[in-house]
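Participant: Sequence below, structure please.
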Amino acid sequence: MNKVRMGGVLLFALYILGSIPAAEKEPSGGTSVPDALRRPQRGEAPRYPEDTVIGPLGRGEAAEAAYTLALDLLRALLTENRDALVFQDADPGMVGDYGTALEAIKPQKFRIGSGREEPDGSTSFLVRFVGREQWISGELYLRAEEGQWKLEELILEEPRDLEEGIEPYPFDYSPYERLF
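Facilitator: Here you go, the predicted structure:
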């Protein structure tokens, strides 16, 4: 008698499992996160990568011209081109100080965080230069004068070792936080 009931329960379970549409059985892309959670919906802002030190990357709220100048300034500092046109209106001593600070870490790349407009009218970007063994972060300030964006200041922090701050488990997500 128990075998008959078990057989009935098994058949019922197979019937239920067989009636689930294929799209619900296996998410596309072979991952456990559905496409609807990974891709921006219509009218939703695109999602940009995020740096764990300076936050979301990309232009942010900054004007396109300010963002372009910020990229050019950071590229010139990375390549140690202190005579670049982007520094023509900047104080040469200030630019030299930036170069000296960056020489200590020998940067190989940089990252620029989302720009934001400051209450005084300037625009700021969080930045990070990364070398082989060290990194340095700071904040870049630009100001619009006579329709042109110009370097106002770059405040750099002290260099830090790459190993500093690395935790074996940097994120503590519960399964529900990850999906919702």
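Participant: and the host helix or strand of Tyr98, average pLDDT?
Facilitator: Tyr98 belongs to helix 92-103 when elements are defined using DSSP states H and E. Predicted confidence along helix 92-103 averages 82 (mean pLDDT).
Participant: tell me what that helix is packed against?
Facilitator: helix 64-78, strand 148-156 (3 or more Cβ pairs under 8 Å, 6 or more residues apart in numbering; DSSP states H and E). All C-beta spots, glycine's among them, are computed from the backbone N, C-alpha and C.
Participant: Let me see the ranges of the helices in this protein.
Facilitator: Defined through DSSP state H, the helices belonging to the chain, from first to last, are 2-18, 22-25, 35-38, 64-78, 92-103, 175-179.
Participant: Keeping just the C-alphas, turn the helix holding Tyr98 into CSV.
Facilitator: Output of helix 92-103 as CSV, limited to C-alpha atoms (Å, rounded to 0.1, in the frame of the first residue of the first chain):
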residue,chain,number,x,y,z
PRO,A,92,54.2,74.9,-12.6
GLY,A,93,55.2,74.3,-9.0
MET,A,94,51.9,72.7,-8.3
VAL,A,95,52.2,70.4,-11.3
GLY,A,96,55.7,69.5,-10.2
ASP,A,97,54.5,68.6,-6.7
TYR,A,98,51.9,66.2,-8.3
GLY,A,99,54.6,64.6,-10.4
THR,A,100,56.8,64.2,-7.4
ALA,A,101,54.1,62.6,-5.3
LEU,A,102,53.2,60.2,-8.2
GLU,A,103,56.9,59.2,-8.8
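Participant: which sections of this structure are below the confidence cut-off?
Facilitator: The chain contains residues with pLDDT under 70 at 1-41, 43-53, 164-180.
Participant: By residue count, which strand of it is the longest?
Facilitator: Criterion DSSP state E: the longest strand present in the chain is strand 134-145.
Participant: what's next to it, contact-wise?
Facilitator: Taking Cβ atoms under 8 Å, 6 or more residues apart in numbering as the criterion, the residues outside strand 134-145 that touch it are 53-54, 63, 66, 69-70, 73-74, 101-102, 104-105, 107, 112, 118, 121-129, 149-162.
Participant: Of these, keep whichever come out buried.
Facilitator: 53-54, 66, 69-70, 73-74, 101-102, 105, 107, 112, 122-129, 149-154, 156, 159 (16 or more other Cβ atoms under 10 Å).
Participant: one step back: please name whichever of the helices and strands packed on helix 92-103 is nearest to Leu85.
Facilitator: helix 64-78 (8.3 Å; Cβ to Cβ).
Participant: Who are the packing partners of that closest one?
Facilitator: In this structure, helix 64-78 makes packing contacts with helix 92-103, strand 107-112, strand 123-131, strand 134-145, strand 148-156, judged by 3+ Cβ pairs under 8 Å, 6+ apart.
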